[in-house]
Structures are given as C-alpha cells and as structure tokens.
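Enquirer: predicted model, plus sequence, below.
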Amino acid sequence: MSLPAPLISPQGQWAANPEVTLTTSLGNMRVELLPQFAPSTVANWLGYVNADYFNGLIFHRVINNFMIQGGGFNDSLLEQTPIYPALRLESNNGLKNTLGALAMARTSVADSATSQFFINDVDNAFLDYSGDSNLGYTVFGQVKVGMEVLQALSAVATATEKGYADVPVSDVFIVDASQTATGAVRSGTGLIDLTLENGASWSFSLDNGVNWSTGSGLQLDLPAGNYAQGQVQIRQTLASATSAAALLPPITVIDGAPSVNISSQDLTLGRNEYTKISFTLSQPSQNFSQTDVTVLGGQLFDFQGSDSQYSAILLPNVTTGREVVVQVHPGKFTNAQGVGNLESSTHQARIKLIADSQPPLAPLLLGQGIWLINPEVSLNLNTSGKVKLELLPEAAPLQVANWLAYVHANAYDSTVVEPNVNIPLITMGLYGGPFSDQYQTALFPSVPQESNNGLSNTFGTMAALYNNSTSKTTTNGFFVNLGNNNILDYSNATATGYTVFGRTVSGLSTWGDLDAAGSATPINLLTVEQTLAGTLRLPTAQLSVAGLRSDAVWKFSLDSGQTWSSGSGTVIKLPAGVYQAQQVQVQVQGTDAVGNAAALSTLPHQILAGVQATHWATGKILSGVQVSQGAAGYQVSATAPNDAASSIGLGDVLAALKIYLRKSVGDPSMRPYQTVAADFDANGKVELSDVLNLLKFYLKKPLATDLTPSWTFTDAKNEYLSTNNVPLDPNNAAPAAIDWHQNEISPVQLVGVLRGDVDGSLHA
C-alpha cells in the first residue's frame with residue numbers, strides 16, 4: 001500500500017514563502033505560495049506537488065479571458081483519484097482572484113476542493129468571497145514568472161470532448177511540478193499542524209532522519225531553537241505501510257516572542273452594527289498600530305490604546321450573512337527588545353464574527369415634555385377579548401418608548417401569558433413562537449429601570465421585568481398586577497422594585513378572571529395594538545435618539561421618510577409645528593456603494609413641537625426664539641436685534657408718555673402690547689421713570705440701571721388674560737402667564753413685545 005507523506009503546516013511567520021515551478025508543454029511558470037493567508041490549502045497543494053501527483057496531467061478546462069484549470073485529469077480525460085481528504089474552504093482570507101492568482105477549484109459544496117486548481121487569466125472579482133450567498137474560491141498563490149505562458153495557454157483552441165466542455169484541442173501537459181523554494185518560518189510555539197490518513201500513526205525525526213520518535217495527536221511541538229531545511233521530518237504509518245517523509249522548511253522557534261489576543265464585545269452583529277474589539281498584547285509594544293490589523297468584511301474606527309492594551313470600534317460591511325475576520329499576522333509589531341510578534345498557544349490573533357442578515361437594533365426616539373394625551377394599547381387575549389391599557393410616558397419615558405418599539409415590531413404577537421404562583425400577577429412577552437418554551441430574543445437595547453417614579457404596582461397596572469438582576473435593565477418582558485402588589489414598588493436604591501409604566505382603563509374584569517383561573521387555563525397573547533397615538537408637547541422641540549452605538553452614522557426624516565437629513569450627537573431639533581404619528585423617523589445609515597440602510601425607527605405619537613412667536617405690530621414670525629427648561633419651568637427667550645438701540649426713537653418716547661398720561665395711542669386693540677413695551681424697566685406698570693429712562697436711552701445718556709431693549713412674550717390664545725384670569729387692563733404692563741399644559745392640538749403661539757419699541761416700528 002502506498003501512503004502519501006503527511007501534510008504539514010507550521011504555525012508562525014513565513015519570513016520567506018515557498019515556491020513551485022510548473023513545467024508545461026507551452027513553457028514554465030513559477031508560482032509563489034502564500035501560506036500565511038491559506039495555510040491548509042498551501043499544505044495540501046504542496047503535498048500533491050511533492051508526491052509528483054500533477055506530473056503528466058493536463059490543463060483540461062481552458063476559457064480565454066477567464067481561467068485555466070488543471071490537476072485532475074490525464075490526457076485520456078480520466079479523472080484521477082485524490083490522495084488527500086477534501087479541504088476546508090479558506091476563501092475569506094483577503095486574497096483576490098486577480099490576474100495570475102492561483103486558486104482551488106471545487107464543486108458547489110464549500111469544503112470539496114482536493115487536487116484541482118485554476119489560474120485566473122483576468123481579474124475575476126465575482127469568484128471572491130462576499131458572504132453566505134457567494135462563498136467564493138480560495139486563492140493561495142500568485143504567478144511570479146511566466147505570465148506569457150499563462151496568456152499563451154489561455155488562448156489555445158478548445159472543444160467539447162467526452163462530454164467535457166472547453167477542453168484544449170491539443171493537450172497542454174503539466175510535464176513537471178516541483179517545489180523550487182522551501183520558504184522559511186519563525187514560530188513562537190513550535191507547533192506543526194498535521195493532516196494524516198484516518199487511523200494512521202506518525203513519527204518524527206529532529207536529526208535529518210537518523211533517529212525517529214513516535215508522535216501523538218495532530219501536532220508536533222518543537223522546542224525552541226534553529227532547525228535547518230530537512231532537519232525536521234515527519235512520516236505516517238498505516239497497515240504496515242510507511243509513507244515518504246515530509247520535510248520541514250528552515251524553522252526558527254523563538255521562546256517568549258510577543259503575541260496578541262483579539263476579543264470582541266459581540267460575535268454576532270446586526271448589519272452595520274458596531275462592536276468593540278480589544279487587542280491585548282502579551283508584552284508592551286511601542287509600535288503596535290491600526291495598520292497592523294487586517295479586517296476582512298469590515299472597517300475599524302477609533303483605534304486607541306498604549307503599552308499592552310488597545311481597542312477599536314468595528315463596523316461590518318453592509319452584506320448579509322458575511323463572515324467578518326479580524327487578524328494580526330505575525331511580524332507586525334515588536335516588543336521593547338525589537339523581537340517581532342508571533343503566534344501563541346494561549347493568545348488568539350484571529351477571530352471571526354458573523355454579520356447577521358438582521359438589521360442592527362433600532363434606536364429609540366424619545367420626547368420628554370408635557371403629555372396632553374397619553375398613548376393607549378389594546379391587548380387581545382385568546383380567552384377573554386380585549387383589554388385596553390393607558391401608557392404613562394411622563395412617569396416612565398424610556399420604558400414606554402422601548403415597549404412600544406416591541407409592539408410595532410409585532411414582537412408580542414402569539415406569545416405566552418404565564419400566571420405567577422407566588423404573587424398575583426401574569427408575565428408576558430418572554431416566551432412564544434412554535435413552542436411555548438421558546439425564549440423571545442431581545443430586539444432593542446436594554447433600558448434602565450425607572451421604578452422610582454411614584455407609581456405603585458396596584459391591581460391592573462403594567463410593569464417591566466428586568467432581565468439582569470445586577471444591572472436591573474429591562475428589554476421585552478413585562479407583567480400585569482392581578483392584585484395590589486406594593487411589595488414590588490421602589491423602596492430605596494437597593495430595593496429598586498419594578499417600573500410601572502401603564503394601567504388598565506377597560507377590561508379590569510378580564511384580569512380578575514385570569515387570576516381566578518390560575519395556571520390551569522392556557523392563555524396566549526394574540527396581538528398587541530396601539531389604538532391611540534397620544535399627543536406630546538415639546539416646548540424645547542428636542543427629541544432624544546436613545547440607544548445609538550458610539551460613533552453611529554444616522555439620519556432623520558420629518559416628513560414620513562420622503563426627505564432625510566444627517567443627524568449628529570443624540571438630539572433632533574424640530575422646527576416649530578405639529579408632527580403626526582410616524583411622521584418623525586430615524587435610521588442608522590449603511591455604508592456600501594448602493595446606499596443600503598438599516599434600523600428604521602419611527603415616533604408613534606403626535607408631537608406639538610416648540611413655539612412660534614410673532615411681532616405684536618406686524619404679525620411677522622420672529623426668528624431666534626428659544627425655549628429652555630429651567631428650575632422654574634419652561635422659559636422663552638430671544639435676542640434683541642443688533643439695530644434695536646438705534647431704532648428706538650423719539651416716537652417711542654412720545655408714545656410711552658401718552659400711555660403714562662392715559663392718552664390714546666393708535667389702534668386701541670394694540671394698547672395692551674404698547675403698555676408692555678412702554679414698561680421699560682419691566683416692573684409691571686408704566687411710570688414716569690419709564691418715560692424718562694426711555695428718553696435717556698434715545699439720547700444715549702447714562703441710565704441709573706443697565707436697561708436695554710429686551711423681549712417678553714405672552715400667549716396669543718389668551719393675550720388679554722392676566723395671571724389672575726381677568727382681562728389685562730391696558731394700564732397693566734404684566735403679560736399673561738403661559739399655560740404650557742393647555743390642551744390644544746397646535747403649537748404654542750406667542751406674541752413678542754420688545755420693551756422700548758412702543759410704536760412697533762422696529763419690525764414694521
């Protein structure tokens with residue numbers, strides 16, 4: 001029985017690559033093999049070369065401007081039996097099917113390559129790995145000399161013969177395939193990976209084949225030292241047949257070389273979802289940098305660190321089902337003594353992540369303001385109809401936003417309702433699908449508890465289950481109280497209880513029926529629907545974008561996705577106006593050439609955003625009006641125009657004097673605004689001092705106090721109401737209080753008055 005030599009693959013840095021010369025009937029080609037990128041494939045191909053397997057075979061498939069293929073058929077078109085097992089695919093190694101690249105042929109089965117190989121006659125990018133839908137072909141070498149032979153071979157005439165297409169009319173032989181350069185290896189572990197026949201034993205020699213020792217396992221572990229070419233030999237034995245020896249190239253095993261361990265915060269990523277990658281060096285390095293790291297199928301951002309610890313943010317390319325590889329090849333950085341990095345038995349210099357076909361977790365749009373109308377939902381149970389719940393976003397804004405995101409993702413449909421045997425409550429949202437014990441995967445980032453909101457776990461209220469007993473964060477699980485469970489309320493920072501975020505408004509009897517039924521009645525939550533959008537007033541007109549990953553690239557739309565603007569930070573500033581449910585949207589952007597995007601999130605509420613202020617005399621909209629939230633509540637402010645001082649003239653002084661003397665000034669309906677404008681010192685009444693100060697301001701004389709024109713605002717809907725709800729007397733210069741809680745389905749409309757501009761000419 002003839003046994004091939006075992007396949008050998010040294011771990012470490014190939015300081016010089018092996019080479020093979022292909023002598024063909026049309027000339028010679030010398031190819032450089034690339035074991036650093038495709039170690040198993042190179043070991044396999046060298047095994048066939050050194051067994052003289054290719055000698056006398058033909059290039060049996062030639063397609064001009066595509067590739068030439070050989071290594072499997074003789075000149076009678078009889079397929080040869082492989083001598084080594086089929087290979088594991090190594091196509092995602094960063095090497096491309098470019099002109100002159102040597103690659104393995106295979107069937108439609110990924111791990112099916114044996115002896116047949118092809119050489120690319122042109123750049124064939126469609127043969128490269130790009131994801132689950134296109135696993136590609138493993139490139140493992142490159143023609144270094146003899147490109148003219150490749151071109152001549154690719155141009156030969158072909159025909160169909162014995163059922164095989166594209167067969168050269170005149171045979172092109174591989175006269176000889178010989179390894180003409182062994183290469184050289186530096187190793188930090190001394191480990192040699194072996195491929196043996198099933199059931200074979202093996203032995204090795206460290207002195208050029210003079211003495212032999214029995215090996216075990218599938219690795220040879222060389223001690224530190226220098227080994228010349230052929231000094232280390234390995235052979236295998238099966239059924240009394242011993243193979244020829246496989247000869248190792250020159251190899252240097254270095255004890256204590258630096259190495260790197262790569263780890264990831266996540267191993268499965270949503271498309272275009274960021275994760276943190278950590279690089280831990282076994283020894284400090286002053287020259288480790290991002291250029292030392294190779295990423296296949298993704299990009300690194302925000303690389304930082306020093307000494308032995310580094311990190312970066314990884315974003316996979318926008319391709320579904322893609323294997324993302326992060327690796328640091330040997331010889332990329334050094335320690336303080338200048339020794340280059342090598343592999344390690346305890347460190348992992350290469351990791352694989354999967355860019356899943358699902359989009360990344362969508363961010364939450366969160367508006368914190370005054371809820372005029374709370375949102376409502378309907379829970380449809382299989383046993384007793386519908387239950388209507390009112391959500392309480394003013395008390396638990398994050399939890400309500402998170403829970404509604406699951407509702408709109410239909411995550412709660414066909415899930416299991418589980419009565420609790422110890423406390424009167426039922427849990428929902430955790431299990432469902434084809435089997436009642438199938439755990440539901442979280443779709444959105446977890447949110448912190450908001451249990452210290454003053455709400456109690458009373459009968460009919462809804463609360464969030466936390467998914468981590470340490471961090472007390474919540475995702476998709478929730479429960480409804482079937483009794484007064486105040487033991488579940490917030491007590492202190494240690495006993496945080498559970499976040500109440502909704503209450504039953506109709507169908508209370510349903511909960512009583514479920515409580516009485518106990519666990520004997522199978523209960524399912526068929527659907528959850530939002531039946532009332534709710535209306536939120538945002539005086540500051542700002543929406544928070546919660547749940548974004550660091551450095552996320554995102555955009556937003558204010559017109560239901562018709563037009564988009566780039567987002568920055570974590571806030572969207574809305575122009576004043578009314579926004580209907582689903583009108584405001586946010587999306588994490590894709591980065592590929594065709595602009596694919598993912599993670600669309602919409603705001604399921606009506607929004608009354610900001611304020612609009614008009615000038616009292618002209619009705620023109622004022623620019624630069626700001627709303628801020630301070631200790632005293634919401635405050636409105638605006639900057640006086642640059643020309644305010646020069647625009648206040650003698651007409652304003654005379655108008656203020658008339659108001660002080662209770663004389664008529666223009667349109668009587670404008671008198672309240674003129675009174676406010678004449679109250680230059682803003683003390684709530686027009687006095688002679690206001691007239692005199694305004695005169696001094698006009699004459700540019702010094703004032704006793706630092707008085708300048710400043711804006712004040714009153715509510716346009718209640719412009720003649722004072723703080724005591726009585727008509728504003730034209731002699732009373734105090735503007736009406738703005739009631740931000742008024743239940744009006746429109747933005748707050750304000751009237752702006754610039755103190756000192758009594759005749760209204762500044763913006764006329």
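Expert: Yes, it's here.
Enquirer: OK, contacts around the residue nearest to residue 297 when sequence neighbours are not counted?
Expert: Of all residues not flanking residue 297 in the chain, residue 324 sits nearest, at 4.2 Å (C-beta to C-beta, 6 or more residues apart in numbering). Quick note: C-beta positions are derived from backbone N, CA and C, even for glycine. By C-beta atoms under 8 Å, 6 or more residues apart in numbering, the residues touching residue 324 are 269, 295-298, 314, 316-317, 352-355.
Enquirer: can you list these in JSON lines and add secondary structure and neighbour count?
Expert: Formatted as JSON lines, these follow (DSSP: H, G, I helix; E, B strand; the rest coil; neighbours: other C-beta atoms under 10 Å):
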{"residue": "269", "secondary structure": "strand", "neighbour count": "23"}
{"residue": "295", "secondary structure": "strand", "neighbour count": "20"}
{"residue": "296", "secondary structure": "strand", "neighbour count": "18"}
{"residue": "297", "secondary structure": "coil", "neighbour count": "22"}
{"residue": "298", "secondary structure": "strand", "neighbour count": "20"}
{"residue": "314", "secondary structure": "strand", "neighbour count": "24"}
{"residue": "316", "secondary structure": "strand", "neighbour count": "26"}
{"residue": "317", "secondary structure": "coil", "neighbour count": "20"}
{"residue": "352", "secondary structure": "strand", "neighbour count": "14"}
{"residue": "353", "secondary structure": "strand", "neighbour count": "22"}
{"residue": "354", "secondary structure": "strand", "neighbour count": "16"}
{"residue": "355", "secondary structure": "strand", "neighbour count": "26"}
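Enquirer: just the closest of those residues to residue 748, please.
Expert: Proximity of the contacts of residue 324 to residue 748 (C-beta to C-beta) peaks at residue 269, which lies at 43.6 Å.
Enquirer: does residue 659 belong to a helix, a strand or coil?
Expert: Three-state assignment for residue 659 (DSSP: H, G, I helix; E, B strand; the rest coil): helix.
Enquirer: what's the pLDDT at residue 560?
Expert: The score at residue 560 is 93. That number is its pLDDT.
Enquirer: hang on, I meant residue 294
Expert: Note on residue 294: pLDDT of 95.
Enquirer: okay, the helix or strand containing the residue nearest to residue 297 in CSV with CA atoms only?
Expert: Per DSSP states H and E: residue 324 is located in strand 322-327. The C-alpha trace of strand 322-327 is given here as CSV (Å, rounded to 0.1, in the frame of the first residue of the first chain):
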residue,chain,number,x,y,z
ARG,A,322,-20.9,37.7,6.0
GLU,A,323,-18.0,36.3,7.9
VAL,A,324,-16.0,39.2,9.4
VAL,A,325,-12.4,38.3,10.2
VAL,A,326,-10.1,40.5,12.4
GLN,A,327,-6.5,39.3,12.5
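Enquirer: who does it pair up with?
Expert: Strand 322-327 has the following strand partners under DSSP bridges: strand 294-296 (antiparallel), strand 350-355 (antiparallel).
Enquirer: give me the sheet partners of the next helix-or-strand element following the last one and which way each runs.
Expert: Tracing the chain C-terminally past strand 350-355 and defining elements by DSSP H and E, one meets strand 364-366 next. According to DSSP bridges, strand 364-366 forms sheet pairs with strand 542-546 (antiparallel).
Enquirer: got the contact list for the strand it pairs with?
Expert: Contacts for strand 542-546 (C-beta under 8 Å, 6+ apart): 363-368, 398, 401, 447, 554, 556, 567, 570-574, 584, 586, 603, 607.
Enquirer: go again using 7 Å as the cut-off
Expert: Under the criterion C-beta atoms under 7 Å, 6 or more residues apart in numbering, residues 363-367, 398, 554, 567, 570-574, 584, 586 lie in contact with strand 542-546.
Enquirer: that'll do, ta.
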